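1. sequence unknown, structure follows:
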């Protein structure tokens, strides 16, 4: 079958390690199944893999990708949940949360990913695709949009009417935060270095947009942080006393000055958030249909033209998700 792989690691030139070509058909173990992929989406995680972050050379080649929607062996239209972990982890009441499993992984870290004609996944990782979502829209949900959903509705403690600042509008998580925040009844502010992206954030539903680091009209209840070092100081300064910053990534670097005096004096909370559960993915899909919210798609490419899609991702110019289709 045709697949897109990480063949080697090159931190300086990650796309040089990108492979496109035939790979063996998936061989699902007991409790797993195979999905015929109709659409899959790119994430910065794929670029990090090509740079050698979170993976070692002995695992290569590996099929890239964590996002997909397709048809399972029973003919059902499904969305693939990308977290491979113990669904009973982290909860004594039996509810469980696979994101709390210390041995969890995402597709394309230990097991082959979704940028292929077919992918093998645990049977429990399949979520019904609502008829109201296209293949491309459904394929955008499992990583960036699920991450945003958990940040907003599970981890932030925010209530409708609260003001939320989204740092770095443009990426998949940030655009999802703006759209979902609007649907959830929050007042959404966003920052971007790029004037065109600030306008697109307004078009997407942001109530106000700002250049990074500027003094805001007032302090906010929650900051949604995906950028890291470049925006961290501003994120802490933007919060009300007792405010919260929810962080799911650090694309500009993971080690900013902590500014602990500000954290304890203003009683700020720093909350980590990673991906989401299978049940949260199902709830997200239902919310998108109920609230008529759809992922913003920057561009769509054929699976066999994945190199062009990766070049677009690496350019930093995309606003929204980049999708590959398999017809």
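-> Noted; the coordinates are in hand. Computed from a prediction, not measured in an experiment: that's the story for all the values here. Numbering: from 1, shown residues only.

2. just the strands in the stretch 151-300 of the chain please.
-> With DSSP state E, counting those that start in this stretch as the criterion, the stretch 151-300 of the chain has strands at 163-166, 187-191, 208-210, 220-225, 239-247, 269-272, 297-302.

3. need the ones you listed in TSV with mean neighbour count and distance to residue 66, can you?
-> (Glycine included, C-beta is placed from N, CA and C.) As requested, these are exported to TSV (neighbours: other Cβ atoms under 10 Å; distance: least, Cβ to Cβ, whole Å):
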stretch	mean neighbour count	distance to residue 66
strand 163-166	26	22
strand 187-191	26	25
strand 208-210	19	29
strand 220-225	26	20
strand 239-247	19	19
strand 269-272	14	19
strand 297-302	17	17
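
4. dump those strands to TSV, plus distance to residue 322.
-> Shown next, in TSV, are those (distance: least, Cβ to Cβ, whole Å):
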stretch	distance to residue 322
strand 163-166	19
strand 187-191	20
strand 208-210	22
strand 220-225	21
strand 239-247	23
strand 269-272	26
strand 297-302	5
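
5. how about CSV for these, with mean pLDDT and distance to residue 87 added?
-> Shown next, in CSV, are the strands of the stretch 151-300 of the chain (pLDDT from 0 to 100; distance: least, Cβ to Cβ, whole Å):
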stretch, mean pLDDT, distance to residue 87
strand 163-166, 98, 29
strand 187-191, 98, 32
strand 208-210, 98, 39
strand 220-225, 98, 26
strand 239-247, 98, 23
strand 269-272, 98, 20
strand 297-302, 96, 30
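
6. out of these, nearest to residue 232?
-> Among these, the nearest to residue 232 by Cβ to Cβ is strand 220-225 (7.1 Å).

7. what is the burial count for the residue nearest to residue 231 when sequence neighbours are not counted?
-> Of all residues not flanking residue 231 in the chain, residue 167 sits nearest, at 4.4 Å (Cβ to Cβ, 6 or more residues apart in numbering). Look at residue 167: counted by other Cβ atoms under 10 Å, it has 26 neighbours.

8. so residue 167 sits against residue 191, correct?
-> Yes. Assessed by Cβ atoms under 8 Å, residue 167 is found in contact with residue 191 at 5.4 Å.

9. where does the stretch 1-150 of the chain dip in pLDDT?
-> The stretch 1-150 of the chain contains residues with pLDDT under 70 at 91-95.

10. before we move on, what about the stretch 151-300 of the chain?
-> Under the criterion pLDDT under 70, no range of the stretch 151-300 of the chain is flagged.

11. circling back: do you know which of the strands of the stretch 151-300 of the chain lies nearest residue 90?
-> Comparing these against residue 90 with Cβ to Cβ, the closest turns out to be strand 269-272 (13.6 Å).
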